[in-house]
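Chemist: what follows is a predicted protein model with its sequence.
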Amino acid sequence: MAKGFTAKDVTSQAGKCFLVTGANTGLGFEAAKKLAESGARVLLACRSEDKARHAIERIRMAVPGANLAFVHLDQADIGSVHECARKVIAEEPRLDVLVNNAGVMFPPLQRTAQGHELQFGVNHLAPFALTGLLLPKLSETPGARVVITSSLAHKGGRIDWDDLDAHERYSRTQRYSDSKLMNLLHLFELDRRLKAAGLPVSAMACHPGFARTDLDRHSGVFRIFFPLAGVIFNNAAQGAWATLQAATAEDAVPGEFYGPQRMGGSSGPTAIAKRTAAARDAEAAARLWTLSEEATGVRYPL
């Protein structure tokens with residue numbers, strides 16, 4: 001796909017069910033909207049029911065008759081992750097794709113309900129747990145997928161294994177980069193395990209380049225810069241192209257990382273993206289997997 005992938009390349013998704021976390025705004029909203037337009041059933045997994053209901057109304061204004069549902073999910077609480085998974089397993093006949101989109105960027109030091117540093121908990125531990133809990137459901141549908149959202153910021157990641165929860169030091173920008181590197185290490189080990197187990201589920205990752213979303217709400221500098229992103233780089237709809245490619249493209253390659261191809265990976269149509277050697281570190285991926293199982297209490301059936 002030399003020209004790169006855009007929303008125009010999304011084929012019919014009729015009959016499929018997608019769960020998109022953080023679907024009430026930004027990249028998640030745009031992905032959910034396009035998936036609904038393509039005929040899919042879309043579960044909007046969000047913390048705020050009011051915001052999710054408003055997003056559903058907005059999508060249905062553009063896509064009359066869209067097949068949408070709200071599922072409560074607070075990624076700052078592993079208990080909520082369990083409840084979300086239980087509801088989906090109990091109520092949905094099938095689940096084709098899990099899109100781990102929701103995240104937080106550059107907050108002041110905060111902790112999850114379980115006491116973990118917020119970016120570590122929300123950006124990595126919650127998607128790790130949700131994926132593990134929903135994997136049996138996904139495995140019922142041949143061709144099912146898991147999509148993990150990372151970032152160009154993973155290039156600056158250097159995980160402090162001795163201080164994962166920031167009890168000794170905290171840099172909100174460094175911890176964000178670390179969490180995005182963790183997303184790619186999660187992908188690396190998940191892909192390895194899925195292939196070894198022979199399950200009919202594929203895992204891919206994506207990043208939006210520089211895209212204007214409300215993820216910048218904790219950063220004054222980014223609030224000034226990001227409005228330019230929709231002009232110079234990507235708007236939110238364009239930022240969702242990589243998500244849509246990983247989630248729907250027939251030729252998407254398991255284990256690969258998708259992102260924009262122009263301006264150093266910052267904008268434009270998407271294809272396989274570059275990742276650092278640290279994101280392919282098998283020893284680090286295995287170590288993070290074990291630590292994540294211990295932190296969440298979730299053991300994958302792999």
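Modeler: Nice, I can see it. Numbering: from 1, shown residues only.

Chemist: ok, now which ones touch residue 117?
Modeler: Residue 117 makes contacts with 109, 110, 111, 164, 165, 166, 170, 175, as judged by C-beta atoms under 8 Å, 6 or more residues apart in numbering. Yep, even glycine has a C-beta here, placed from its N, CA and C like the rest.

Chemist: so what pairs up with it in the strands?
Modeler: Under DSSP bridges, the beta-bridge partners of residue 117 are residue 111.

Chemist: what is the neighbour count of residue 101?
Modeler: 27 (other C-beta atoms under 10 Å).

Chemist: before we move on, what about the one 5 residues further on?
Modeler: Applying other C-beta under 10 Å, we find 18 residues neighbouring residue 106.

Chemist: confirm it sits in a strand?
Modeler: No: secondary structure of residue 106 (DSSP: H, G, I helix; E, B strand; the rest coil): coil, not part of a strand.

Chemist: and the nearest residue to residue 96 once chain neighbours are set aside, how many neighbours?
Modeler: Spatial nearest neighbour of residue 96, chain neighbours left out: residue 16 (4.1 Å); criterion: C-beta to C-beta, 6 or more residues apart in numbering. Using other C-beta under 10 Å, residue 16 is surrounded by 22 other residues.

Chemist: so residue 16 touches residue 41, yeah?
Modeler: Yes: shown here, residue 16 and residue 41 form a contact pair, counting by C-beta atoms under 8 Å, at 7.1 Å.

Chemist: list the contacts for residue 141?
Modeler: Neighbour list for residue 141: 94, 95, 96, 200 [criterion: C-beta under 8 Å, 6+ apart].

Chemist: tell me the phi and psi of it?
Modeler: With angles defined as degrees, to the nearest 10, residue 141 sits at phi -120, psi 110.

Chemist: which of the contacts of residue 141 sits closest to residue 131?
Modeler: Closest approach to residue 131 among those (C-beta to C-beta): residue 95, at 11.5 Å.

Chemist: wait, that closest one sits on residue 135?
Modeler: No: here residue 95 does not reach residue 135: they are 9.9 Å apart, not a contact under C-beta under 8 Å.

Chemist: what is the neighbour count of residue 63?
Modeler: 19.

Chemist: ramachandran coordinates for it?
Modeler: With angles defined as degrees, to the nearest 10, residue 63 sits at phi -130, psi 80.

Chemist: what's the pLDDT at it?
Modeler: On the pLDDT scale, residue 63 is placed at 98.

Chemist: so it touches residue 36, yeah?
Modeler: Yes: if you go by C-beta under 8 Å, residue 63 and residue 36 touch, sitting 4.9 Å apart.

Chemist: give the contact list for residue 63.
Modeler: 33, 36, 37.

Chemist: just give the closest residue to the last one, not the sequence neighbours.
Modeler: So the one you mean is residue 37. Nearest one to residue 37, counting by C-beta to C-beta, 6+ apart, is residue 63 at 5.0 Å.

Chemist: now that neighbour: how far from residue 253?
Modeler: Residue 63 sits 29 Å away from residue 253, going by C-beta to C-beta, to the nearest Å.

Chemist: next one: residue 187
Modeler: The spacing between residue 187 and residue 253, counted by C-beta to C-beta, is 12 Å.

Chemist: can you list residues touching both of the two?
Modeler: Common contact partners of residue 187 and residue 253 (C-beta under 8 Å, 6+ apart): residue 204.

Chemist: okay, these two: which has more neighbours?
Modeler: Between residue 187 and residue 253, residue 187 has the larger neighbour count (other C-beta under 10 Å), namely 27 against 13.

Chemist: in the helix or strand harbouring that one, what counts as buried?
Modeler: According to DSSP states H and E, residue 187 maps onto helix 172-197. For helix 172-197, burial by neighbour count (16 or more other C-beta atoms under 10 Å) applies to 172, 174-194.
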